[in-house]
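**Student:** Predicted model, plus sequence, below.
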Amino acid sequence: MFASYYLIMKNLFLGLINLCFLGCHSNVPTIPAKDTISTVIQDTVIQKVDSVVSKPTMPDTAHVIYLTFDDGPLIGTENVIEVMNNFALPATMFMVGKHTQADKEMQNSFLMAYNDNLLQVSSHSYSHANNRYRLFYQNPQGVLEDFNKSAALLHLQNKDARLPGRNTWRVGSKQRNDPAAHSQQAADLLKENGYSLFGWDIEWQHYDNGEPIQTVSQLLRMITNAIQDSSRCFTPHKLVLLSHDQMFAKKENKEKLIELINGLKAKGYRFELIKNYPRG
Ligand SMILES: [Zn+2]
């Protein structure tokens, strides 16, 4: 009696299984084989561990613009200061010590920038290499003394700096050398003496008479392409823009700077001082 009851139940059970395979196969989720399950669990654990480990080092993809103006104080410096103040936005001015000694007007322009809380004044050397770059960089000790002289003269509170005529970087543990030779040893010596060197990702170029070369829309396109591409900036998505004070001496070129900043603001980029540049 018990045996026949067992047979009936067994057949019923097998029948149900067959019915399931025939009738509702497409709705049955595929159960992975045991080995696969353990692999899935392992992968999940590894992913979880990875996510815990990688969280603090998640890349910072915020798009940030560092406006930098070189060679001041010069004609054009006060227009730059005025524009940045009207926007209430930060900018970094890499200034040349010798230019502050040109006359009273240049001294005043320097002081305006130096005392402006929106602006960071940093060193672009004392002599600007007297525009004889090869000769200047052949003497690394002389380069260091030139920067120290400017830092003392201008009472600079920071050791952020930009080499004259060379797109050379020494920031934290990262570095890049200008393709033109002769600045590497000087850059290393400055770094050993506490300086951080900032090159640039894009330059708003100008002719000898100070006229900007790229139109504002060309420049905006260049900036947008570079800031979105993780390989185009020294630090991904953090774009350092170089321009020169003398470009903005004329009213119509000051308007171009305003137009550029309006364009950058419209894209939602954040503006920062070089002192806030990532230094990892
Ligand atoms: Zn310069």
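**Tutor:** Noted; the coordinates are in hand.

**Student:** OK, contacts around the residue lying closest to Tyr66 once chain neighbours are set aside?
**Tutor:** Closest residue to Tyr66 apart from its sequence neighbours, by Cβ to Cβ, 6 or more residues apart in numbering: Val240 at 4.5 Å. For the C-beta atoms, the positions are set from N, CA and C on the backbone; glycine is no exception. The contact partners of Val240, taken as Cβ atoms under 8 Å, 6 or more residues apart in numbering, are Tyr66, Thr68, Phe198, Gly199, Trp200, Asp201, Ile202, Cys233, Phe234, Ile274, Tyr277.

**Student:** Try it again at 10 Å.
**Tutor:** 64-68, 92, 162, 167, 169, 198-203, 233-234, 274, 277 (Cβ atoms under 10 Å, 6 or more residues apart in numbering).

**Student:** Can you flag which of the residues you listed belong to strands?
**Tutor:** Val64, Ile65, Tyr66, Leu67, Thr68, Thr92, Trp169, Ile202, Glu203 (DSSP state E).

**Student:** which among the residues you listed gets closest to Lys191?
**Tutor:** Nearest to Lys191 among the ones in strands among the contacts of Val240: Trp169, at 10.0 Å, using Cβ to Cβ.

**Student:** Show me the beta-bridge partners of that closest one.
**Tutor:** Per DSSP bridges, the residues bridged to Trp169 are Arg176.

**Student:** How about residues contacting the helix or strand that contains Phe147?
**Tutor:** Phe147 is located in helix 140-153, with elements delineated by DSSP states H and E. Residues outside helix 140-153 that contact it (Cβ under 10 Å, 6+ apart) are 95-98, 100-101, 110, 122-130, 135-137, 139, 156-159, 161, 163-164, 182-190, 192-193, 195, 197.

**Student:** what does the stretch 101-250 of the chain put close to the ion?
**Tutor:** Applying Cβ under 5 Å from the ion, one finds that the stretch 101-250 of the chain approaches the ion through Pro164.

**Student:** Which members of the contacts of helix 140-153 occur in helices, if any?
**Tutor:** Phe110, Leu135, Phe136, Tyr137, Gln184, Gln185, Ala186, Ala187, Asp188, Leu189, Leu190, Glu192 (DSSP state H).

**Student:** so what's the first one up against?
**Tutor:** Contacts were defined as Cβ under 10 Å, 6+ apart; by that measure Phe110 touches 72-73, 77, 93, 95-97, 99-102, 121, 153-154.

**Student:** ok, so what distance separates Asp70 from the ion?
**Tutor:** Noted for Asp70: a distance of 4 Å to the ion, by Cβ to the ion, to the nearest Å.
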